[in-house]
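# only geometry, no sequence info:
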Ligand SMILES: Nc1ncnc2c1ncn2[C@@H]1O[C@H](COP(=O)(O)OP(=O)(O)OP(=O)(O)O)[C@@H](O)[C@H]1O
């Protein structure tokens, strides 16, 4: 399978995974290189979230190899994977809703020793990307809008300066203007050299900003390639067709607007 970049930061090969006796992923191979956005697209239930969960250690693969930054991480504990620099911002923005915005950001570095200077630099970078989080630092996280909560979830991950950030449906439930802001932030992270693995129901938007894409269907990768080629290829159409050949929705990517 073609992989983005000669020496990808992340390389997962021939992954099988599921829940109990239910197999979800079958022989899935994906890769992501530093400074690249890789989109995972496919219908609901195709296995995208399961793949992210498997890469971040929340699910154990039953077979396959995952190499991150030169180390095998298949079956490793989540905290070891986080420490290696692979961060997962799960769907649904798991924040400490009653804690302040500032505290939520601080909690992102839980267990990590940073000098005063390092901490300040990371906060500056976060606030540069999301100025609203500085303005609202004393408010409780639960009082933020959906888009601001998504920014806060990304900010939490940024406290650890991830090498690879996996984002599961960051646009879910956001108004279009906020989707733009979140996608812009993802582009800024890419510009800083972070690798991004992006699961996004707004497929067209995801493919616009992605460098490379994988199309999943029923737990398998049915196509992969440069995002602009995937955007205009047949596989995308096939992946979003219904059981009886009827398109699902008017077009891929209408959810979340
Ligand atoms: N905790 C679970 N236990 C059992 N089966 C699960 C569990 N989570 C997901 N599944 C099943 O695994 C399959 C893949 O789901 P997954 O959430 O990975 O797909 P997805 O492509 O991310 O879709 P969505 O956009 O709906 O989250 C589905 O058939 C789903 O029902």
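Yes, it's here. On a predicted model such as this, the values are computed, not experimentally measured, just so you know.

# for the residue positioned nearest the centre of the chain, phi and psi?
Geometric centre of the chain, nearest residue: residue 167, 2.0 Å, by Cα atoms, centre = their mean. The phi/psi pair for residue 167 (degrees, to the nearest 10) reads phi -120, psi 120.

# Please look at it and residue 183 and confirm they touch.
No - using Cβ atoms under 8 Å, residue 167 is not in contact with residue 183; the gap is 10.2 Å. C-beta: built from backbone N, CA, C; applies to glycine.

# Contact partners for residue 17?
By Cβ atoms under 8 Å, 6 or more residues apart in numbering, the contact list for residue 17 reads 23, 24, 25, 50, 51, 54, 59, 60, 61, 62, 64.

# what's the burial count for the fifth one?
Going back to what we said before, that points to residue 51. Residue 51 has 29 neighbours, counted by other Cβ atoms under 10 Å.

# likewise residue 193?
Residue 193 has 11 neighbours, counted by other Cβ under 10 Å.

# how about the nearest residue to it, chain neighbours excluded?
Leaving aside its chain neighbours, residue 193 sits nearest to residue 35 (4.7 Å; criterion: Cβ to Cβ, 6 or more residues apart in numbering).

# where does the one you found land on pLDDT?
If you check residue 35, the pLDDT there is 96.

# same question, the one 10 residues further on
Confidence per residue is given as pLDDT, and for residue 45 that number is 92.

# Neighbours of it, how many?
13.

# Please apply the same query to the one 4 residues further on.
Taking other Cβ under 10 Å as the neighbour definition, residue 49 ends up with a count of 19.

# list the buried ones in the host helix or strand of residue 238?
Assigned by DSSP states H and E, residue 238 falls within helix 234-239. When burial is assessed from 16 or more other Cβ atoms under 10 Å, helix 234-239 yields the following buried residues: 235, 236, 239.

# I'd like the residues you listed as a markdown table, with pLDDT appended.
Listed next are those as a markdown table, based on pLDDT from 0 to 100:
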| residue | pLDDT |
| --- | --- |
| 235 | 89 |
| 236 | 89 |
| 239 | 88 |
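
# would you list every one of the helices in the stretch 51-200 of the chain?
78-84, 101-107, 116-129, 131-135, 146-158, 176-191 (DSSP state H, counting those that start in this stretch).

# Mean neighbour count added to the ones you listed, as CSV?
Below are the helices of the stretch 51-200 of the chain laid out as CSV (neighbours: other Cβ atoms under 10 Å):
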stretch, mean neighbour count
helix 78-84, 15
helix 101-107, 19
helix 116-129, 14
helix 131-135, 15
helix 146-158, 23
helix 176-191, 16
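
# since we're on residue 139, how many residues are nearby?
14.

# got the helices of the stretch 51-200 of the chain as TSV, with mean pLDDT columns?
As requested, those are exported to TSV (pLDDT from 0 to 100):
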stretch	mean pLDDT
helix 78-84	93
helix 101-107	94
helix 116-129	93
helix 131-135	94
helix 146-158	91
helix 176-191	91
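
# Same list, the ones you listed, but as TSV with distance to the ligand please.
What follows is the helices of the stretch 51-200 of the chain, written out as TSV (distance: least, Cβ to the nearest ligand atom, whole Å):
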stretch	distance to the ligand
helix 78-84	16
helix 101-107	24
helix 116-129	26
helix 131-135	27
helix 146-158	16
helix 176-191	16
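
# Let me have those in CSV, adding distance to residue 231 as columns.
Listed next are the helices of the stretch 51-200 of the chain as CSV, based on distance: least, Cβ to Cβ, whole Å:
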stretch, distance to residue 231
helix 78-84, 31
helix 101-107, 35
helix 116-129, 26
helix 131-135, 31
helix 146-158, 24
helix 176-191, 15
